[in-house]
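Engineer: fold the following.
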Amino acid sequence: MKDGVNGVALAVFIFFFLAVTVMGFWAARWRKAENENSLDEWGLGGRSFGTWVTWFLLGGDLYTAYTFVAVPAAIYAAGAAGFFAVPYTILVYPLIFTFLPRLWSVSHKHGYVTTSDFVRGRFGSKGLSLAVAVTGILATMPYIALQLVGIQAVLDVMGVGGGESTHWFIKDLPLLIAFGVLAAYTYSSGLRAPALIAFVKDTLIYIVIAVAIIYIPIKLGGFDAIFSAANEKFTSSGKGSLVPAEAGQWTYATLALGSALALFMYPHSITATLSSKSREVIRRNTTILPLYSLMLGLLALLGFMAIAAGVKVANGQLAIPQLFENMFPDWFAGVAFAAIGIGALVPAAIMSIAAANLFTRNIYKDFLKPDATPEQETKVSKLVSLLVKVGALAFVLTMDKTVAINFQLLGGIWILQTFPALVGGLFTRWFHRWALLAGWAVGMIYGTAAAYGVASPTQKHFGGSSAEIPGIGEIGYIGLTAFILNVVVTVVLTFVLKAVKAPEGVDETAPSDYTADAGDQGVRTDLPKVGAGH
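Structural biologist: Okay, the predicted model is just below:
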């Protein structure tokens, strides 16, 4: 590790940060809205983005700074088991091709801004809608915090902020400034800011990956030397070999499948999706987004390169920034650090907007102020987006970083439990609203309790996201086991509730709503009230 501040890298980092800051504020004038005082405009960019803007926005949303840091860090620490992120991002796109266009159509038709809006309208249940909203907010908060972890990793490697003995305010000042700027332009420009900045972020990441995958192996003697060094590390450390043992195959497969099912349940994924201007834009994006999976596979290889380069760090999250610091010229290390830093700003902005929209539409409007005007909704959403970011910042500054990581793993288990209500509701009204709520509760309770019981070498509780699968005896992803229990409870209770003729609520949607496109007549921009079936 180089001593002191890397001035050249820091200067390049600051240049790109200032550039995207200007873009963030200018975004308020980009595609300027006729009426800025509505969640459609502030929170969804006016539902006006075409194929390429949506592609960059979704890519910037899903492939975050944490992805850039954590995926190769997992490879660095655990070997090829960390590659589970690659198959799950391959599995997810055929999956979303089947349901995202339907969600876009019905949301466009009825003016839905969040998944909870759809669930309330489909099943006539504010309680189920509230459960989905609260789950989304809880799962999103630690995800935002982890974007800060990515920025902190870059700042630490550049030597910014001083050592551990430095006063906390001076040490964390760069991070405070970065998120203060993020909060300001998100408040001002809404979703348009991350949509515009995503172009810079993704371009930088592709450049860095393209250079790294060629330049670093040349310096290290080729991929044969890289894989040999990695294999030697894992065999000599007693962790087995580079490839996971047979006992870990269930863990790998269930984690990949469960993560694929969960990814587009996150509110920020849906927010980026609903900003598209047509159903066809969504369909096209599901066919070209796999290009990011190619990038992710190459990115993961950096973990093996860090081993071969002799990178030694106490915190695995620093492995890749330190690899860049050691291997690249200072100026290009600055470019790489900027890619990671901006890679935190884009998803953090979208996540805070998505969480704010959930609170505004499905808690504030549904339960606190039903007669809220569009202007009041927008104002509340802007304020909540600030509070969400402040909460995430406080989370990172006051708690151990592993706590944020553990809560993000728990968030993945939680958000998967909204799948039956959202995706199931897009294809059938057969499920009973009370059965869906009961299934959600069972999945949440089991998933949380099972994760609480997982220990690690450094923690007594919440030490991982895998545990023994009941009845099978194999170790698997807790979220997927909880999801299966959720579905079983939902199906069984639906039979029971239908048999006793329990009230099912009012469905405000029609079959034609799920295939409607932007040009269809009767598109509504207000959220209609559900009838007496509440």
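Engineer: so which bits of the host helix or strand of residue 336 are buried?
Structural biologist: Residue 336 belongs to helix 330-359 when elements are defined using DSSP states H and E. For helix 330-359, the neighbour count (16 or more other CB atoms under 10 Å) marks 330, 332-359 as buried. C-beta: built from backbone N, CA, C; applies to glycine.
Engineer: so who does residue 225 touch?
Structural biologist: By CB atoms under 8 Å, 6 or more residues apart in numbering, the contact list for residue 225 reads residue 308.
Engineer: report the buried residues of the host helix or strand of it.
Structural biologist: According to DSSP H and E, residue 225 maps onto helix 223-236. Across helix 223-236, burial judged by 16+ other CB under 10 Å covers 226-227, 229-231, 233-234.
Engineer: would you list those in JSON lines and tack on pLDDT and distance to residue 516?
Structural biologist: Shown next, in JSON lines, are these (pLDDT from 0 to 100; distance: CB to CB, whole Å):
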{"residue": "226", "pLDDT": "93", "distance to residue 516": "51"}
{"residue": "227", "pLDDT": "91", "distance to residue 516": "51"}
{"residue": "229", "pLDDT": "91", "distance to residue 516": "55"}
{"residue": "230", "pLDDT": "89", "distance to residue 516": "51"}
{"residue": "231", "pLDDT": "87", "distance to residue 516": "54"}
{"residue": "233", "pLDDT": "86", "distance to residue 516": "55"}
{"residue": "234", "pLDDT": "84", "distance to residue 516": "53"}
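Engineer: and the residues you listed as TSV, adding distance to residue 450?
Structural biologist: Conversion of those to TSV gives the following (distance: CB to CB, whole Å):
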residue	distance to residue 450
226	37
227	35
229	36
230	32
231	33
233	31
234	28
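Engineer: tell me the one of the residues you listed nearest residue 263?
Structural biologist: Among the buried residues of helix 223-236, residue 230 lies closest to residue 263 (CB to CB), at 27.6 Å.
Engineer: that closest one contacts residue 309, correct?
Structural biologist: No: with contacts counted by CB atoms under 8 Å, residue 230 stays clear of residue 309, the gap being 10.8 Å.
Engineer: give the burial count for residue 147, as a bare number.
Structural biologist: Other residues within reach of residue 147, judged by other CB atoms under 10 Å, total 30.
Engineer: got the angle between the helix or strand that contains it and helix 330-359?
Structural biologist: Assessed by DSSP H and E, residue 147 sits inside helix 126-158. Counting by axes from the mean of the first three to the mean of the last three CA atoms, to 10 degrees, helix 126-158 lies at 160 degrees to helix 330-359.
Engineer: so where's the stretch 201-350 of the chain shaky on pLDDT?
Structural biologist: 237-242, 244 (pLDDT under 70).
Engineer: please enumerate the helices of it.
Structural biologist: 223-236, 249-263, 267-274, 279-288, 290-300, 302-308, 319-327, 330-359 (DSSP state H, counting those that start in this stretch).
Engineer: tell me which of these lies nearest to residue 122.
Structural biologist: Nearest to residue 122 among the helices of the stretch 201-350 of the chain is helix 267-274 (14.5 Å), distances taken as CB to CB.
Engineer: residue 344 reaches residue 153, doesn't it?
Structural biologist: No: Residue 344 is beyond contact range of residue 153, at 9.7 Å (criterion: CB under 8 Å).
Engineer: okay, angle between the helix or strand that residue 96 is a member of and helix 267-274 too, please.
Structural biologist: Per DSSP H and E: residue 96 is located in helix 85-110. Going by the same axes, to 10 degrees, helix 85-110 is angled at 60 degrees with respect to helix 267-274.
Engineer: rounded mean pLDDT for helix 85-110, please.
Structural biologist: Helix 85-110 shows a mean pLDDT of 92.
Engineer: tell me the buried residues in that helix?
Structural biologist: Those would be 85-93, 95-96, 99-110, for helix 85-110 by 16+ other CB under 10 Å.
Engineer: how far off helix 319-327 does the helix holding residue 336 point, in degrees?
Structural biologist: 160 degrees.
Engineer: in the helix or strand that helix 330-359 is followed by, what counts as buried?
Structural biologist: Downstream of helix 330-359, the next assigned helix or strand under DSSP H and E is helix 374-398. Residues 374, 377-378, 380-382, 384-385, 388-389, 392-393, 395-397 are the ones in helix 374-398 that count as buried (16+ other CB under 10 Å).
Engineer: helix 374-398: what's the following helix or strand?
Structural biologist: helix 401-415.
Engineer: what does the helix or strand following that next one contact?
Structural biologist: The element immediately downstream of helix 401-415 (helix or strand, assigned by DSSP H and E) is helix 419. Helix 419 is contacted from outside by 261-262, 265, 483, 486, using CB under 8 Å, 6+ apart.
Engineer: thinking again about what came up before, relative to helix 374-398, how tilted is the helix holding residue 336?
Structural biologist: Going by the same axes, to 10 degrees, helix 330-359 is angled at 130 degrees with respect to helix 374-398.
Engineer: mind listing what residue 142 touches?
Structural biologist: So residue 142 contacts 392, 395, 404-405, 407-408, 410-411 (CB under 8 Å, 6+ apart).
Engineer: without its sequence neighbours, what residue ends up closest to it?
Structural biologist: Spatial nearest neighbour of residue 142, excluding adjacent residues (CB to CB, 6 or more residues apart in numbering): residue 407 at 3.7 Å.
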